[in-house]
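Got a sequence here, can you model it:
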Amino acid sequence: MEDFAQAVGLSRPTVSKYFQDASSIRPKLRERIEEGLRETGFRPNLFAVNLNRRQTKIVGLIFPNSLDPFYAGLRRQIEDRAAHEGYLTFVFSSDGKPEMEEDALETLSQLNAAGVILSPVGGDAAHRARVKATARSLPIVFIDSPFDDEEAFVGTNNGQSMALMTDYLSRFGEGPSYFDMPHVNANGAARREAYAQTMRRRGLEPRFVAVEPSTSWEFERYAFEQTQRLLKGEGFPTRSLLCGNDRIAFGVMAALNQAGRRIGLGPDCEFRVAGHDNQPLSEYIWPPLTTVQQNTGEMGRLALDLLLQRLDPARDRQGEPEAGRHLLVDGDLVLRASA
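Numbering: from 1, shown residues only. The predicted model follows:
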């Protein structure tokens, strides 16, 4: 930057000020710098600049699976809003593995990131203790799945959304049985419990599909194989199936369709299947999937707002400390032909 400042005949502080906020210097000086940039191709080293700052303009995003459409939707919402606030986002995938989650946090710490938005994968007590220790020096807001009661979190109101779907399915006869998802994070247990509570509130006995326990993030394969196993053996407790998420429903429906078992509301249909999340493919599989729409836009906005409150004390915190705030976003029922 000193060489560039000398080349355009300005002081280094003036040039540095331009890169921090171009509108803060006089128009003639700005034109002079921009002409010099076109001639020399100079760009400041982002990493060197960030290492020199007390607070950088880097925000890390860590998701269990960056290819999952739900996480891709969250990423898009957060990236757009972060860019508007002047922050650059670095995205990592933990691949559902605690050790990769730790590696991503360590990399972001070395980059002197301002903060992190993290969808946690769970892990054992030692892993959770290490994440907790990192959160004391690197601001973290958890999204989609809570870490604990103390750390800031934004997610779907599973109690509301699962009750909404369970109530709807229970209008048709015996009520649904629950097809659980692998318990890779806190959402699985929360949705299962919300289903059970809603069934009891309606005077119905909760019934659970006898799936084998798993910690795999390959939800579709897991549900497909479990459904095949059940069709060859004990079958399902009811003909109405409420799945822990849409990816589980995709696997269930694929196995039912391959077995020639019709899905839907018609008199010739054997099964009704519903999910949760409203993944992009939910509208285009056959039959289209009844599900719950998660508001990724609102979740992303709230998560970044909580993080920015940690980074900028002048922001309005609405009278509540942001460190332990848990913000839940309601879902909406999406009715389609599968149920």
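
what about stretch 107-117, average pLDDT?
The predicted model gives stretch 107-117 an average pLDDT of 93.

For that stretch, buried residues please.
The neighbour-count check on stretch 107-117 (16 or more other Cβ atoms under 10 Å) flags 108, 111-117 as buried. Where C-beta positions appear, they are placed from N, C-alpha and C, glycine not excepted.

Among these, which pair sits farthest apart?
112 and 117 (16.7 Å; Cβ to Cβ).

Three-state assignment for residue 142, please.
Using DSSP: H, G, I helix; E, B strand; the rest coil, the structure places residue 142 in strand.

Look up how far residue 182 lies from the closest residue to it other than its chain neighbours.
With Cβ to Cβ, 6 or more residues apart in numbering as the criterion, residue 142 has its nearest non-adjacent residue at 4.5 Å, and that residue is residue 153. As judged by Cβ to Cβ, to the nearest Å, residue 153 and residue 182 stand 21 Å apart.

who has more neighbours, those two?
Neighbours were counted for residue 153 and for residue 182 using other Cβ atoms under 10 Å; residue 153 has more, 26 against 20.

Does that one touch residue 140 like I think?
No. Counting by Cβ atoms under 8 Å, residue 153 sits too far from residue 140 to count as a contact (10.0 Å).

Please identify the buried residues of stretch 296-307?
296-297, 299-307.

Nearest to residue 84 among those residues?
residue 304 (9.6 Å).

Excluding chain neighbours, what is closest to the closest one?
What sits nearest to residue 304 in space, not counting adjacent residues and going by Cβ to Cβ, 6+ apart, is residue 81, at 5.1 Å.

Report the secondary structure element holding the one you found.
For residue 81, the host element (DSSP states H and E) is helix 69-84.

what separates residue 21 from residue 238, distance-wise?
For residue 21 relative to residue 238 (Cβ to Cβ), the value is 61 Å.

Between those two, point out the one with more neighbours.
Using other Cβ under 10 Å, the more surrounded residue of residue 21 and residue 238 is residue 238, with 18 against 9.

per-domain residue ranges of the chain.
With domains defined by automatic domain parsing, the chain comprises 2-44, 56-156+297-329, 158-293.

Give me the average confidence score over the shortest one.
On average, the pLDDT along domain 2-44 is 87.

didn't residue 127 look like it was pressed against residue 102?
Yes. The criterion here is Cβ under 8 Å, and residue 127 meets it with residue 102 at 6.8 Å.

wouldn't residue 195 be in contact with residue 166 here?
Yes. Using Cβ under 8 Å, residue 195 is in contact with residue 166, at 5.3 Å.

Please report the distance of residue 153 from residue 84.
Distance, residue 153 to residue 84, by Cβ to Cβ: 23 Å.

for residue 137, same thing?
Counting by Cβ to Cβ, the gap from residue 137 to residue 84 is 27 Å.

Check residue 236 too.
Taking Cβ to Cβ, one finds residue 236 at 48 Å from residue 84.

between those two, which one's more packed in?
Set residue 236 next to residue 84 and count neighbours by other Cβ under 10 Å: residue 236 wins out with 19 against 9.

ranges for the strands of the stretch 51-200 of the chain?
58-63, 88-93, 115-118, 140-143, 153-156, 177-179 (DSSP state E, counting those that start in this stretch).

Could you dump those strands into CSV with distance to residue 36 added?
Shown next, in CSV, are those (distance: least, Cβ to Cβ, whole Å):
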stretch, distance to residue 36
strand 58-63, 26
strand 88-93, 23
strand 115-118, 34
strand 140-143, 39
strand 153-156, 43
strand 177-179, 63
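
Out of the ones you listed, which is closest to residue 31?
Of all the strands of the stretch 51-200 of the chain, strand 88-93 comes closest under Cβ to Cβ, at 25.6 Å.

For the helix or strand residue 226 falls within, buried residues please.
Element membership for residue 226 (DSSP H and E) is helix 219-232. Neighbour-count burial for helix 219-232, counted by 16+ other Cβ under 10 Å, picks out 219-220, 222-228, 230.
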